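[1] here are the coordinates; sequence isn't available:
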């Protein structure tokens, strides 16, 4: 089985949800890897995050503003290619800070945008951790 | 194999490209207004169709042809769909084609007026004129896709 956490970008709330799902130490590890790495958002395809003990592959994906549209397309594609919902699950992840984080990502790194993004993402998403834990708990029940 | 033509609304350029692919309209001459309006989904979609992959038909090689509206997401949408097919192990089974870069100003304006604003007049006449203007570039695009799909089928055999 594959799970795609579909966020506005693949490297903010969706990544945090994926890490929580995998029961991974997401915070220090991600920051040392240059989190949030927005180049993943520009590239497009799902980003492989890891696999759980049951062999479920976990991905994140950036779907922009219209997550419902992207979810619908992916599910239609899954059906067209002859796969079942058990083969691929798409879970939209949105937080109240998505718009702000999207805007902050536009700040050039030359004037400190990268560092600012890192700190702001961490602070803002930390406040959403409870919601994301609930969301991933639901995903585990599927 | 599955071939998905996609554009902004999945109502104009992608639909005409799919119709050309399926030989619903003749590629050697500009289609008339009636011929274009007879194509399924042409200028007939609404907001609820965004993101839906809609079946158009099966070509002579057995490829299934679909259309999709993805708003302004450009080539990124192709990479998303191909990426999903890749993780399912079915990337060789899929071709995605972005038609948005073949759309001219008249198609954009006419399509916007007709579909988004709901002004069928004057939107549709402007759109039909624009579609005729972009027709040969769409023919060119479809021929490229047909070659690509034939090559893939050959490799499989």
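    Perfect, I can see it now. A quick note: this is a predicted structure, and the numbers were derived from the prediction, not measured.
[2] can you give me the strands for chain B?
    Applying DSSP state E to chain B gives strands spanning B:2-7, B:54-58, B:64-69, B:94-98.
[3] tally of neighbours for residue 71?
    Using chain A here. 18 (other Cβ atoms under 10 Å in any protein chain shown). C-beta coordinates here come from the backbone N, C-alpha and C atoms, glycine included.
[4] switch to chain B, that's the one I care about
    By other Cβ under 10 Å, the residues close to residue B:71 number 18.
[5] ok, it - contacts?
    For residue B:71, the contact set (Cβ atoms under 8 Å, 6 or more residues apart in numbering or on different chains) comprises A:66, A:69, B:8, B:9, B:50.
[6] quick one: which of these is most hemmed in?
    Counting by other Cβ under 10 Å, top hit in these: residue B:9 with 26 neighbours.
[7] okay, now the closest residue to residue B:80 other than its chain neighbours: neighbour count?
    Of all residues not flanking residue B:80 in the chain, residue A:44 sits nearest, at 5.4 Å (Cβ to Cβ, 6 or more residues apart in numbering or on different chains). Residues near residue A:44, counting by other Cβ under 10 Å, number 21.
[8] repeat that for the one 10 residues further on.
    Using other Cβ under 10 Å, residue A:54 is surrounded by 7 other residues.
[9] what's the answer for residue A:23, then?
    Residue A:23, neighbours per other Cβ under 10 Å, totals 11.
[10] how about the contacts made by the nearest residue to it once chain neighbours are set aside?
    Spatially, and ignoring its direct neighbours in sequence, residue A:23 is nearest to residue A:52 (8.0 Å; Cβ to Cβ, 6+ apart). Counting by Cβ under 8 Å, 6+ apart, residue A:52 touches A:21, A:22, A:23, A:58.
[11] quick one: list the elements packing against the helix or strand containing residue A:120.
    For residue A:120, the host element (DSSP states H and E) is helix A:113-126. When contacts are defined as 3 or more Cβ pairs under 8 Å, 6 or more residues apart in numbering or on different chains; DSSP states H and E, helix A:113-126 packs onto helix A:26-32, helix A:98-104.
[12] now do the contacts for the closest residue to chain A within chain B.
    Ranked by Cβ to the nearest Cβ, the top residue of chain B for proximity to chain A is residue B:83, at 2.5 Å. Residues in contact with residue B:83 (Cβ under 8 Å, 6+ apart) are A:44, A:45, A:46, A:61.
[13] give me the subset of those residues lying in strands.
    residue A:61.
[14] can you put the contacts of residue B:83 in JSON lines and add pLDDT and distance to residue B:145?
    Below are these laid out as JSON lines (pLDDT from 0 to 100; distance: Cβ to Cβ, whole Å):
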{"residue": "A:44", "pLDDT": "81", "distance to residue B:145": "20"}
{"residue": "A:45", "pLDDT": "90", "distance to residue B:145": "21"}
{"residue": "A:46", "pLDDT": "93", "distance to residue B:145": "24"}
{"residue": "A:61", "pLDDT": "93", "distance to residue B:145": "25"}
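[15] pull up the residues of chain A that are close to chain B.
    Residues of chain A lying close to chain B by Cβ under 8 Å from any Cβ of the partner chain are A:2, A:4, A:42-46, A:48, A:57, A:59, A:61, A:63-64, A:66, A:68-74, A:76-78, A:80-83, A:87-88.
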